[in-house]
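Asker: attaching a predicted model along with its sequence, questions to come.
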Amino acid sequence: MTGNEQALATEGLGKRYGKKWALRGCTLALPAGKVIALVGPNGAGKTTLLRMAVGLVAPTVGTVEVFGQSPTENSPQALSRVGFLAQDHPLYRHFTVADLLRFGRSCNVRFDEGLALKRLSQLDIPLNRRAGALSGGQQAQVALALALAKRPDLLVLDEPLASLDPLARLEFQQTLMGAVAADGVTVLFSSHVVHELKQVCDHLVVLNHGHVAVQGDIDDLLGQHRLLTGPRVETGPRKSGSVIEANHADRHSTLLVRDGRTALLPGWQEQPVALEELVLAYLRRGIDQEATV
């Protein structure tokens, strides 16, 4: 992979089911080598986007490319570069872990069984145990080991932590981040757990109402946004800048803004914004306010 390579690129991407658009006007350029969080409420289009990225769903309009190739063409070369882990960690329940490894080896052109065996051994997951007899956390770890054994350049995870208890979540995250550090894989995952994102992610995409609300490297986004507090106003305290959210009390207003570093008007103070505050502000915006920024 080159330093400027895009792991996932979409242009005007949309998917319609009947008369309802699950995703519309989605344009993204996600850099390779990053851990990318995809955040949004239920029904925002997260799973639809991920399923189009791995070739399971064809777009209604627009284009999607993974490392410059269309995943819907189903070429072995393109598919071999992508690993996918669905939300419910689907495994053949009557297969043993060893059976699943053999199945994975037979279905993937560059399956690294030794890597999977090493990861499962470190986690003390027995190979002779049927998948249906494993705990939820163990099933998630087996599914992750199988996905990583593909040696993918892009690993796509749909709500991988949703059904796990706190200890299983931590163990899953540690395994995932160890793989990222060791192999340089690009990770794109959806999540509702906003407060954990800063610990593991480099890049953020917020989907809302089927549109991209905001995207960018997390450090850049936090640097571009700030909270302003001052005398109550109905509009922003200066001419420049974009007010993302405004909250008003009797005498004071608090504004979350994205703008340049121009001087504040008298009586106004600023402070940095936390990642969770930023995400929630974009999620609270109405559909008429959404724009890719």
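Answerer: Nice, I can see it. Numbers count the residues shown, from 1 in each chain.

Asker: contacts and neighbour counts: CA atoms only from here.
Answerer: Fine.

Asker: the helices in this protein, which residues?
Answerer: Ranges of helices in the chain, per DSSP state H, are 46-53, 76-80, 97-107, 113-122, 136-149, 166-183, 197-200, 218-224, 275-283.

Asker: which one of these lies closest to residue 130?
Answerer: helix 97-107 (6.2 Å; CA to CA).

Asker: just to check, residue 218 is in contact with residue 202?
Answerer: Yes: with contact defined as CA atoms under 8 Å, residue 218 reaches residue 202; the gap is 5.7 Å.

Asker: can you flag the weakest of the helices of the chain by average pLDDT?
Answerer: The minimum mean pLDDT among these belongs to helix 76-80 (a mean of 74).

Asker: burial of residue 77, as a residue count?
Answerer: Close neighbours of residue 77, defined as other CA atoms under 10 Å, add up to 11.

Asker: sorry, slip of the keys, the one I care about is residue 271.
Answerer: Look at residue 271: counted by other CA under 10 Å, it has 11 neighbours.

Asker: name the residues of the lowest-mean-pLDDT helix or strand in the chain that are buried.
Answerer: Ranked by mean pLDDT, DSSP states H and E, the weakest helix or strand in the chain is helix 76-80, scoring a mean of 74. Judged by neighbour count using 16 or more other CA atoms under 10 Å, the buried positions of helix 76-80 are 78-80.

Asker: pick the one among these closest to residue 66.
Answerer: Taking these together and measuring to residue 66 by CA to CA, the closest member is residue 78, at 7.7 Å.

Asker: pretty sure residue 159 contacts residue 194?
Answerer: No: shown here, residue 159 and residue 194 do not form a contact pair, counting by CA under 8 Å, at 12.0 Å.

Asker: in this structure, where is pLDDT below threshold?
Answerer: Low-confidence segments of the chain (pLDDT under 70): 1-4, 74-76, 234-241, 260-263, 286-293.
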